[in-house]
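Asks: No sequence on hand, only this structure:
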Ligand SMILES: O=C(O)[C@H](O)[C@@H](O)[C@H](O)[C@H](O)COP(=O)(O)O
């Protein structure tokens, strides 16, 4: 039974700093237990703020970054190095500043990769990368999978009422994304829900309605943020504005 927690921080800066500290501790703990750690990154503004906060956190040096696997929960399907790719943003904000093992960094394929501009082939290739790394398991062990939350309640590139909400393969192409760019690749709900911990990170008043509805138990296709949870823990990490509409009973989850 997954354990759900909710923590509210005063503002987006403190939220990003607290999530960064939490991430570093989680990676240290995973390495102490398993000798390695695996994290799943996402895109968006709050994620970028978290990455910068990890970069600037002195305790990041307590991690053996050469034994951390880095995966992505979703990607904008654009050429390698494009400034709007989640990979490009994560590398600039954090990854380029860490002594990672290049072979343990697993970006989703770009639109100018070996599959050309075929997002279905790119999604299938990423599914194969996951399966190869996981063997003999079906999926790698993800210690932490981070998600931003859209105003409409999307997470990763799983948008409300979009066919990707029904997808059962591990990784899916997404066409017609309401958030630009229109073509993306994403882990699907069942893959996300295989993670040990899923963290939903949101800042700002424009997220408050989606957060309220997700915690009130909306349907997963209608509101994707309502359908994701970690095997061990699901953590809602919010700033005060994003938490403004959360019912008092949920606040006691803290
Ligand atoms: O590629 C993306 O755009 C995302 O992965 C997306 O799911 C993002 O995390 C949310 O839209 C929240 O983004 P913000 O933090 O910028 O609101």
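Replies: Nice, thanks for sending it over. Remember, it's a predicted structure, so these values are computed and weren't measured experimentally. Residues are numbered from 1 along each chain as shown.
Asks: The nearest residue to residue 79 once chain neighbours are set aside: which element?
Replies: Using CB to CB, 6 or more residues apart in numbering and skipping the chain neighbours, the partner closest in space to residue 79 is residue 112 (4.2 Å). Every residue, glycine included, has its C-beta placed from N, CA and C. Secondary structure assigned from DSSP states H and E places residue 112 in neither a helix nor a strand.
Asks: Repeat that for residue 147.
Replies: Applying DSSP H and E as the criterion places residue 147 in strand 144-148.
Asks: and if you look at residue 109?
Replies: Following DSSP H and E, one finds residue 109 outside all helices and strands.
Asks: Number of residues surrounding the residue of the stretch 51-200 of the chain found nearest the ligand?
Replies: Scanning the stretch 51-200 of the chain for proximity to the ligand using CB to the nearest ligand atom identifies residue 148 as nearest, at 2.4 Å. Neighbour count of residue 148, defined by other CB atoms under 10 Å: 24.
Asks: what about the spatially closest residue to it that is not a sequence neighbour, neighbour count?
Replies: For residue 148, the nearest residue in space outside its immediate sequence neighbours is residue 44; the separation is 3.7 Å by CB to CB, 6+ apart. Per other CB under 10 Å, the neighbour tally for residue 44 reads 20.
Asks: Equivalent analysis for the one 5 residues further on, please.
Replies: Residue 49 has 19 neighbouring residues, counting by other CB under 10 Å.
Asks: Quick one: name whatever helix or strand follows the strand holding residue 147.
Replies: Taking DSSP H and E as the definition, the helix or strand that follows strand 144-148 towards the C-terminus is strand 171-174.
Asks: Identify the residues contacting the helix or strand following that next one?
Replies: Downstream of strand 171-174, the next assigned helix or strand under DSSP H and E is strand 184-187. Residues outside strand 184-187 that contact it (CB atoms under 8 Å, 6 or more residues apart in numbering) are 40, 73-77, 108-109, 119, 122-123, 126, 145, 156-158, 164, 170-174, 177.
Asks: Among those residues, the buried ones, what's the PyMOL command?
Replies: With 16 or more other CB atoms under 10 Å as the criterion, this PyMOL line picks the buried residues out of the contacts of strand 184-187:
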select buried, resi 40+73+74+75+76+77+108+109+119+122+123+126+145+156+157+158+164+170+171+172+173+174+177
